[in-house]
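**Q** Sequence and predicted structure are below.
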Amino acid sequence: MPAAGPSGPSGKPVTGTPTAADYYAVNRGGGLFSEAISQRIGARIAVSAHKRRLTPTVLTILNLGLGCLTSFIVIAAAGPVADGRVWAAPVGLLALIGWQMAYAFDCSDGQLARVTGQSSPAGGRLDVLCDVAVQASLVAALSATAAAQEPDTPAWLLAAFAATWMVNLVTSVMQTGSQAASMVTSRSLPIRAAKLVRDYGAVIALAGVVLTVAPQFAVWFVALFTLINGGFLAASIAFAGRESLKA
């Protein structure tokens, strides 16, 4: 039996070679910034990958390699930037571009898999594990920068930052299948704008800007997102608890 051809968002086959629009149509969102920028870049990467016969796994590994390499450079440069031996701007721009491109590869692997019928449980697990690795490296980079810029940064704050950062990843993984639920279902522009604090693409863009123009404020970035993610975790527990009591 011949292999099934590429399929669109409705599951119907795509006639001819899939376009960027076909790939974008099956994106999994992520928020206002991610949908407007990251997912669109991902769609173009998927087009290029399909032409070169690359598999979604290759894109997943590129996300892992680029994301972790970028974080490693930021960690290595944290001390030299803090004491003035290295300019902050080039390191910050590298972080801004490197993390954004890694995320675009993360967006593209799922688009390519869904449109070309290459989705698999193993590929899904690899994608999540690589996301964890990249985000762990990013947390380490931001924590290293904060500690280098402000040596008196409390250890508990960095630990809390690392622990609560993964809340977004965990909840997005949970937003699939029959167990998916949302505390705020409105897709109005003001609500979506407010949700930018949980949009991974927007958050890492802000992190890159901070590292570029004001790395001394990295500790405030750490504190802010510890508060935001910790608050969202508490709200999510309350929401899930209320829903479970209704069951």
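**A** Thanks, I have the structure now. Numbering: from 1, shown residues only.
**Q** Would you confirm that Y103 contacts G201?
**A** Yes - using Cβ atoms under 8 Å, Y103 makes contact with G201 at a distance of 5.8 Å. C-beta: built from backbone N, CA, C; applies to glycine.
**Q** what do those two both touch?
**A** S34, S38 (Cβ atoms under 8 Å, 6 or more residues apart in numbering).
**Q** The two: who's more crowded?
**A** Taking other Cβ atoms under 10 Å, Y103 and G201 do not tie; Y103 has more neighbours (28 against 25).
**Q** so what's the more buried one up against?
**A** For Y103, the contact set (Cβ under 8 Å, 6+ apart) comprises S34, S38, N63, G67, Y200, G201, I204.
**Q** looking at the chain, which helix or strand is least sure?
**A** Ranking every helix and strand in the chain by mean pLDDT, DSSP states H and E puts helix 167-174 at the bottom, with a mean of 75.
**Q** any chance you could map the helices in this structure?
**A** 20-24, 32-33, 39-51, 56-82, 88-116, 121-149, 155-165, 167-174, 189-194, 200-213, 218-246 (DSSP state H).
**Q** which of the ones you listed has the lowest average pLDDT?
**A** In terms of average pLDDT, helix 167-174 trails the rest of those, at a mean of 75.
**Q** Pull the residues that contact it.
**A** So helix 167-174 is contacted by 30, 128, 131-132, 135, 180, 198, 200, 229-230, 232-233, 236 (Cβ under 8 Å, 6+ apart).
**Q** Please report how far R192 lies from N168.
**A** Taking Cβ to Cβ, to the nearest Å as the measure, R192 falls 16 Å from N168.
**Q** before we move on, the earlier item: which among the contacts of helix 167-174 count as buried?
**A** Those of the contacts of helix 167-174 that meet the buried threshold are G30, D131, Q135, R198, Y200, N229, G230, F232, L233, S236, by 16 or more other Cβ atoms under 10 Å.
**Q** could you dump these to CSV with distance to A218?
**A** Output for the buried ones among the contacts of helix 167-174, formatted as CSV (distance: Cβ to Cβ, whole Å):
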residue, distance to A218
G30, 24
D131, 22
Q135, 17
R198, 20
Y200, 18
N229, 16
G230, 18
F232, 21
L233, 22
S236, 26
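**Q** quick revisit: quick one: which of the contacts of Y103 is nearest to K51?
**A** Ranked by distance to K51 (Cβ to Cβ), these are led by N63 at 19.1 Å.
**Q** any idea what sits nearest the closest one, other than its immediate chain neighbours?
**A** If the residues on either side of it in the chain are set aside, N63 comes closest to F105, at 3.9 Å by Cβ to Cβ, 6 or more residues apart in numbering.
**Q** dump the residue contacts of the one you found.
**A** G42, I45, L59, T60, L62, N63, L66.
**Q** residue nearest the centroid of this protein?
**A** The centre of the chain sits closest to Y200, judged by Cα atoms, centre = their mean, with a distance of 4.4 Å.
**Q** How much space separates that one from W165?
**A** On the measure of Cβ to Cβ, Y200 and W165 end up 10 Å apart.
**Q** same question, L64
**A** Distance of L64 to W165, given as Cβ to Cβ: 17 Å.
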